[in-house]
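1. with the sequence up front, the predicted model follows.
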Amino acid sequence: MTTRFIVVRHGETEWNVQARIQGHGDSELTGNGVAQAEAIAGRLAGERFDAIVASDLGRALRTARCIARGHGLEIRTDARLRERSFGVGEGLTYEEIDRQFPDVFSRVRDTDPDAMIPGGETRRQFHARVGDAFRWLAQSYRGRRVAVVTHGGVLSSLYRHIHAIPIERAHRIAISNASYNAVALDGAAWRIEAWDDVSHLPVAEPFDDS
């Protein structure tokens, strides 16, 4: 019995454009981000889903509402699908967070998985949360098809879980806004069926997470 998830990153936000850390904070979708959300909704309109589950943060919910319109399904929110919390670092640019908290987040070098910004989560805590969320979803929706709308860091963590990539190791993972990512659980084995597919977007800015 195979359980399938289409996992979508939210549309582009103002802070994405400014290269700022969002975390549990929020930023409005840009005009381009709204168009991206509509584009992924159009792509998914022809697919059947048993449920739509989303992070409860505004940028993910805005994207999920576009998708839900074509399916007549109520969006179920799950706070475990939130982006990693960066505490007092939220709102900083990637350059600023790398300078002030060098062990917490980097795409180009290994980092300490237990380093924490005040008020935030460690990489290890975040990775465990994401793993728990998808295990719960797989149990709850066994044998069904689910659309999940979430964040770049969550997708990065899911990719690491599936490929058993150590969380302390820098590893570039392509995660574009409003991308199409298909993963399946067959028995105890996870597999990726599509990743960072942006063929539905007229212009896509590639984004790599660690």
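-> Alright, I've got the coordinates.

2. show me which residues of stretch 178-193 are buried.
-> Residues 178-183, 185, 190 are the ones in stretch 178-193 that count as buried (16 or more other Cβ atoms under 10 Å). (Each C-beta comes from the backbone N, C-alpha and C, glycine too.)

3. for stretch 70-83, same thing?
-> 71, 73, 75, 77, 80-83.

4. and the helices in the chain?
-> Secondary structure of the chain, counting by DSSP state H: helices at 14-17, 31-44, 58-69, 94-100, 123-140, 152-163.

5. what's the mean pLDDT across the longest one?
-> Pointing back at helix 123-140 there. Helix 123-140 carries an average pLDDT of 96.

6. and if you look at the fourth one?
-> Throughout helix 94-100, pLDDT has a mean value of 90.

7. residue nearest the middle of this structure, spatially speaking?
-> His151 (2.6 Å; Cα atoms, centre = their mean).

8. got a pLDDT number for the closest residue to it other than its chain neighbours?
-> Take His151 and drop its neighbours on the chain: the residue closest to it by Cβ to Cβ, 6 or more residues apart in numbering is Glu83, 3.8 Å away. Among the per-residue scores, Glu83 holds a pLDDT of 98.

9. quick one: Gln22 and Thr13 touch, right?
-> Yes: applying Cβ atoms under 8 Å, one finds Gln22 in contact with Thr13, separated by 6.8 Å.

10. need the overlap of contacts for the two.
-> Arg59 (Cβ atoms under 8 Å, 6 or more residues apart in numbering).

11. next up, the contacts around the residue nearest to His151.
-> 22-24, 55, 57, 150-154.

12. tabulate the residues you listed (CSV), appending pLDDT and distance to Ala138.
-> Listed next are these as CSV, based on pLDDT from 0 to 100; distance: Cβ to Cβ, whole Å:
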residue, pLDDT, distance to Ala138
Gln22, 95, 27
Gly23, 95, 26
His24, 97, 24
Ser55, 98, 17
Leu57, 98, 22
Thr150, 98, 15
His151, 98, 19
Gly152, 96, 21
Gly153, 95, 20
Val154, 98, 15
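
13. for those, pick the one with the most neighbours.
-> Compared across those, Thr150 has the highest neighbour count, 29 neighbours, by other Cβ atoms under 10 Å.
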